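[1] Show me how the following folds:
(one chain, ligands or ions: 1)
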Amino acid sequence: METNSSGGGSSSGSLGSSSTMILHNAVIVTMDKESRVFRNGGVFVVQDRIKAIGQSADILQQFSQMADQIIDLQSQILLPGFVNTHVHTSQQLAKGIADDVDLMTWLHDRIWPYESNMTEEDSYISTLLCGIELIHSGVTCFAEAGGQHVSEMAKAVELLGLRACLVQSTMDCGEGLPASWAVRTTDDCIQSQKELYAKHHHAADGRIRIWFGIRQIMNATDRLLLETRDMAREFKTGIHMHVAEIPYENQVVMDTRKVDHGTVTFLDKIEFLQNNLLSAHTVWVNHTEIGLLSRAGVKVSHCPASAMRMLGFAPIKEMLHADICVSLGTDGAPSNNRMSIVDEMYLASLINKGREVFANGTTDPAALPAETVLRMATINGAKSVLWDNDIGSLEAGKKADMVVVDPFSWPMVPVHDRITSLVYCMRTENVVSVMCNGQWVMKNKKILTVDEGIMAIFLKNNNNKLTNTPLNNTMIAKLEPGSYVVKMVKICCIGAGYVGGPTMAVIALKCPSIEVAVVDISVPRINAWNSDQLPIYEPGLEEVVKQCRGKNLFFSTDVEKHVREANIVFVSVNTPTKTQGLGAGKAADLTYWESAARMIADVSKSDKIVVEKSTVPVKTAEAIEKILMHNSRGINFQILSNPEFLAEGTAINDLFKPDRVLIGGRETPEGMKAIKALKDVYAHWVPEDRILCTNLWSAEVSKLAANAFLAQRISSVNAMSALCEATGADVSQVSHAIGFDSRIGPKFLNASVGFGGSCFQKDILNLVYICECNGLPEVANYWKQVIKVNDYQKTRFVNRVVSSMFNTVSGKKIAILGFAFKKDTGDTRETPAIDVCKGLMGDKARLSIYDPQVPQEHIQRDLQMNKFDWDHPIHLQPTSPSTINQVIVASDAYEATKDSHGVCILTEWDEFKNLDYQKIYNNMQKPAFVFDGRNILDVEKLRKIGFIVYSIGKPLDKWLKDMPAVA
Ligand SMILES: NC(=O)c1ccc[n+]([C@@H]2O[C@H](COP(=O)([O-])OP(=O)(O)OC[C@H]3O[C@@H](n4cnc5c(N)ncnc54)[C@H](O)[C@@H]3O)[C@@H](O)[C@H]2O)c1
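    Okay, here's the model as predicted:
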């Protein structure tokens with residue numbers, strides 16, 4: 001404890017923390033009613049309050065005996081702590097993300113996406129960082145303008161040791177709101193603020209007060225306004241609101257709320273104006289409205305830097321003349337970049353002098369004199385935050401919120417007039433020590449409450465992890481886990497199908513800071529995505545969706561809105577095979593893609609990256625680019641090809657750990673930037689060396705080539721299966737043997753009844769067509785053969801069934817186990833089961849079908865649909881009013897097989913391996929046949945039971961050998 005002599009020997013470098021303390025030998029600028037200045041003044045502080053203030057000699061004489069500590073301020077200036085009456089602490093981490101843009105872009109495209117993505121941790125760190133900057137500029141009290149995660153903000157304020165009026169960002173309506181905000185109702189807004197009030201009002205030794213917020217009139221219903229007004233009255237607290245910021249706001253109010261001028265006129269009309277309203281900015285007000293504000297005792301926060309950046313000249317001189325209490329605010333970091341109230345004082349004075357020329361045609365250097373500005377930053381600030389009983393001036397009985405300014409460094413020396421020097425010369429660096437509530441929060445430029453060193457290391461480390469990439473109008477901050485800076489990317493995916501749904505769900509899961517909206521024209525499909533019964537079955541999908549839905553993953557039919565708001569638009573719509581006209585039966589039908597592209601061009605108001613997710617013919621990107629460019633109205637679109645390689649049934653695993661992600665784009669600087677932006681999204685979880693970047697055409701061809709190669713492998717092994725059956729070889733042994741060759745590899749070598757799914761056939765047909773169009777008939781024929789073998793395999797299977805059963809299945813009951821095109825999916829598109837069933841029905845069989853994931857109506861629909869109709873959006877597919885009499889759908893395998901003559905295994909569901917085949921056999925007609933189209937059953941075991949078994953590509957049963965040839 002320092003107990004220096006009353007002669008004042010201690011240096012300012014030895015400030016300490018005591019419950020009683022004298023600060024003396026200071027120039028004290030009190031900002032009290034008489035504007036007293038003590039040239040050699042002293043204060044006696046007891047705990048959190050100023051006990052006495054006066055001449056140094058008097059204070060020392062009277063209180064030295066009682067003081068734990070006596071500090072000689074060596075002629076430095078002692079001021080009341082500054083009050084910053086409008087600051088967004090949540091926005092500190094967004095410094096620099098919205099420079100040089102208009103207010104609506106600033107708000108809708110930059111700040112809201114940023115804020116709506118903030119985590120609690122982000123808010124905490126952001127407030128700490130903002131607080132550090134505020135303290136360095138001498139702020140001891142601030143009014144939060146409306147931010148995210150108020151509880152975290154309060155935690156930071158408590159740690160910083162500052163005084164604050166905290167407000168939650170509150171909006172219950174309006175254009176352009178991020179989806180997670182748009183769902184908030186008026187009741188939610190009111191309720192959450194009441195809860196915050198109950199939790200934090202008067203917290204941190206009374207340093208925290210909770211106010212109520214209205215973000216701005218365009219995002220507030222009348223009910224919210226009125227209930228906020230009444231609630232603030234009842235709770236005896238203030239309301240913080242952005243008011244009359246831009247002419248557009250006034251125009252919207254005039255148009256929608258039927259008043260003859262802007263926001264202030266309307267607020268007066270509904271009796272919202274009252275003396276606890278802190279009206280931020282208040283730039284676009286006319287003479288009458290100034291009168292209304294004055295009469296109601298409304299306080300105005302003038303934020304000169306941000307006004308000059310985006311809003312305009314506020315009539316501050318006129319407001320002051322009308323006796324309105326005007327104070328100063330910095331606004332948030334993205335509207336100002338400097339969180340220094342010292343800078344704001346300087347700017348306020350200059351801007352309002354400069355405005356005189358603009359407003360009255362002549363200069364007026366006396367407009368906003370230095371003392372007025374200093375009042376705005378101190379006592380007016382205190383009045384604005386309804387705390388002037390305690391702070392804003394240095395007076396006995398008030399709280400010890402004080403700032404020590406060193407006037408002896410270069411910016412301020414020589415000091416002729418202390419007041420003007422404080423406003424016109426002082427820089428933030430002149431603020432050396434800050435006390436709030438009787439506690440030093442900064443001494444000799446070192447903040448005591450938060451470790452600045454650790455914060456600096458933290459930021460440096462995170463900065464190193466940042467690679468800021470300008471993404472058209474938005475900055476994407478790519479960061480490693482653990483960083484607190486948030487991204488502001490909005491993704492929209494058109495098409496909520498097997499690809500769009502799971503892909504976007506995984507992006508949302510892996511990138512919590514990205515907002516993902518999946519949109520579709522099909523209302524039932526979107527409803528299902530929003531329900532407990534997802535429209536598609538994929539192992540693991542439900543868990544992923546449940547974790548993100550409503551947080552950063554949204555399913556919606558409001559296609560245009562989400563496309564308009566997105567930075568990146570994925571297109572994952574159907575690309576079926578054409579059924580009519582040029583290229584019918586082969587070429588891809590791009591109707592849905594084209595209409596999506598035209599819609600994107602129509603609704604876009606900002607630059608976008610458009611990503612081909614659907615499988616498309618090569619050169620589609622060029623066509624889409626043309627559509628977008630010719631309809632763009634100056635908007636820049638970058639097209640990327642990002643084909644999806646997921647396999648249904650293992651989609652979530654494939655998306656979590658993809659073999660590779662392929663991104664193709666234009667090889668221009670803009671194209672490369674777009675590739676980088678998409679790469680940054682995947683880089684959240686995919687190792688960099690697995691993200692392959694190519695030109696557009698390579699990416700498009702690669703997808704078709706990959707599917708063609710995969711399908712070709714199946715057709716190759718299936719072709720071998722026919723030869724095995726003819727020769728007595730076993731296709732499983734052959735596959736095993738050739739799979740050992742490392743050049744061939746063991747995967748995808750299972751013989752079966754044929755490949756299915758929405759892609760293989762369609763993509764190969766498409767490839768064939770492209771080859772033909774490019775004058776490559778030999779190449780086209782080569783790939784055509786892959787489909788022919790697939791069709792042959794299905795026909796061969798049907799023939800085997802029929803010929804085995806005495807060459808007729810007419811009237812016989814055949815059980816079909818499995819209808820999906822593969823296990824672990826409910827997808828039946830192009831499933832071989834359709835062709836097999838149709839083949840058997842052609843021979844008048846009665847079918848009893850069971851599949852664990854395919855409902856009855858799908859089976860009935862699929863068996864009646866024309867080829868290729870299936871790949872159109874569900875609502876455009878022909879409905880099937882009738883049911884096929886030959887088909888019944890069973891609820892389990894035992895029901896399906898009861899009384900049947902034969903069983904066909906058409907999908908490799910695991911449950912079919914473990915059925916009680918003895919029981920099945922007992923309940924079947926004899927001789928009982930099993931036709932294993934997937935080679936999953938133990939043939940020998942079944943034969944022992946008594947079954948006659950056909951298993952693709954395996955040595956034939958004696959019974960079958962005697963039957964006629966089937967190929
Ligand atoms: N299913 C797969 O395994 C897979 C794998 C890789 C690639 N692909 C390709 O991805 C694309 C989509 O396949 P999918 O299986 O998801 O198809 P899908 O039929 O399941 O989904 C497509 C969705 O797009 C919607 N849609 C169509 N036009 C629209 C429009 N203008 N606006 C909004 N929504 C629209 C449809 O209503 C449908 O819900 C296809 O090109 C396909 O070839 C599929």
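
[2] wait, what's in contact with residue 82?
    137, 138, 139, 140, 141, 328, 341, 342, 377, 378, 381, 403 (Cβ atoms under 8 Å, 6 or more residues apart in numbering). In this view, the C-beta of every residue, glycine as well, is placed from N, C-alpha and C.

[3] how near is residue 621 to residue 511?
    Residue 621 sits 24 Å away from residue 511, going by Cβ to Cβ, to the nearest Å.

[4] OK, contacts around residue 824?
    Residue 824 neighbours (Cβ under 8 Å, 6+ apart): 537, 538, 539, 648, 649, 650, 909.

[5] Out of those residues, which is nearest to residue 337?
    Using Cβ to Cβ, residue 538 comes nearest to residue 337 of the contacts of residue 824, at 46.5 Å.

[6] For residue 108, report the pLDDT, please.
    Looking at residue 108, its pLDDT is 82.

[7] gap between residue 124 and residue 950?
    67 Å.

[8] When those two are compared, which one has more neighbours?
    More crowded of residue 124 and residue 950, by other Cβ atoms under 10 Å: residue 950, with 26 against 21.

[9] Go ahead and confirm that one touches residue 804.
    Yes. In this structure, residue 950 is within contact of residue 804 by Cβ atoms under 8 Å, at 6.3 Å.

[10] Give me the common contacts of these two.
    Here residue 950 and residue 804 have 929, 931, 960 as joint contacts, going by Cβ under 8 Å, 6+ apart.

[11] Checking the nearest residue to residue 200 once chain neighbours are set aside next. Helix, strand or coil?
    In space, and not counting its chain neighbours, residue 200 is closest to residue 154: 4.6 Å by Cβ to Cβ, 6 or more residues apart in numbering. With DSSP: H, G, I helix; E, B strand; the rest coil as the basis, residue 154 sits in helix.

[12] isn't residue 154 right up against residue 203?
    Yes. Here residue 154 reaches residue 203: they are 6.1 Å apart, a contact under Cβ under 8 Å.

[13] Just the closest residue of the stretch 451-600 of the chain to the ligand, please.
    Closest to the ligand within the stretch 451-600 of the chain is residue 497: 1.9 Å, counting by Cβ to the nearest ligand atom.

[14] That residue and residue 571 touch, don't they?
    No. At 11.5 Å, residue 497 and residue 571 do not qualify as touching, with contact defined as Cβ under 8 Å.

[15] and residue 154 and residue 203? which has more neighbours close in?
    Neighbour comparison, residue 154 and residue 203: the larger count goes to residue 154, with 25 against 17 (by other Cβ under 10 Å).

[16] what separates the more buried one from the ligand, distance-wise?
    Residue 154 sits 44 Å away from the ligand, going by Cβ to the nearest ligand atom, to the nearest Å.

[17] show me what contacts that residue?
    166, 200, 203, 204, 208.

[18] got it, and residue 619?
    697, 700.

[19] That one and the ligand, how far apart?
    Per Cβ to the nearest ligand atom, residue 619 is found 15 Å from the ligand.

[20] Same check on residue 214?
    From residue 214 over to the ligand (counting by Cβ to the nearest ligand atom), the distance is 36 Å.

[21] elements contacting whichever strand or helix holds that residue?
    Here residue 214, judged by DSSP states H and E, is contained in strand 212-216. Contact here means 3 or more Cβ pairs under 8 Å, 6 or more residues apart in numbering; DSSP states H and E; on that basis strand 212-216 packs against helix 186-200, helix 222-235, strand 239-243.

[22] could you redo the last one with a cut-off of 7 Å?
    Here strand 212-216 touches helix 222-235, strand 239-243, going by 3 or more Cβ pairs under 7 Å, 6 or more residues apart in numbering; DSSP states H and E.

[23] coming back round to it: which of the contacts of residue 824 ranks first by neighbour count?
    Greatest neighbour count in these, by other Cβ under 10 Å, goes to residue 538: 26 neighbours.

[24] Can you verify my assumption that that one contacts residue 499?
    No. Using Cβ atoms under 7 Å as the test, residue 538 is too far from residue 499 to be in contact (11.0 Å).

[25] Nearest spatial neighbour of residue 347, chain-adjacent residues omitted?
    residue 304 (4.1 Å).

[26] List the contacts of the one you found.
    344, 347, 348, 351 (Cβ atoms under 7 Å, 6 or more residues apart in numbering).

[27] Pretty sure residue 277 sits against residue 237.
    No. With contacts counted by Cβ under 7 Å, residue 277 stays clear of residue 237, the gap being 11.2 Å.

[28] what about these two, which has more around it?
    Higher neighbour count among residue 277 and residue 237: residue 277, with 24 against 19, using other Cβ under 10 Å.

[29] which residue ranges form the strands in the stretch 51-200 of the chain?
    In the stretch 51-200 of the chain, the segments counted as strands under DSSP state E, counting those that start in this stretch are 69-72, 77-80, 82-87, 139-144, 163-166.

[30] Just say which of the ones you listed is most tucked in.
    strand 82-87 (a mean of 32; mean count of other Cβ atoms under 10 Å).

[31] partners of that one in the sheet?
    Strand pairing for strand 82-87, determined by DSSP bridges: strand 139-144 (parallel).

[32] which residues sit against the partner strand?
    With Cβ under 7 Å, 6+ apart, strand 139-144 has contacts from 81-87, 89, 134, 153, 162-167, 240, 278, 341, 385, 387, 391, 401, 434, 436.

[33] need the residues of the stretch 601-750 of the chain near the ligand, please.
    Proximity of the stretch 601-750 of the chain to the ligand (Cβ under 6 Å from any ligand atom) is limited to residues 614, 615, 644, 646, 648.

[34] and if you look at the chain?
    Near the ligand, when you scan the chain using Cβ under 6 Å from any ligand atom, you find 494-500, 519-522, 525, 559, 572-575, 592, 595-596, 614-615, 644, 646, 648, 758-759, 873.

[35] So for stretch 225-235, what gets flagged as buried?
    225, 227, 228, 229, 231, 232, 235 (16 or more other Cβ atoms under 10 Å).
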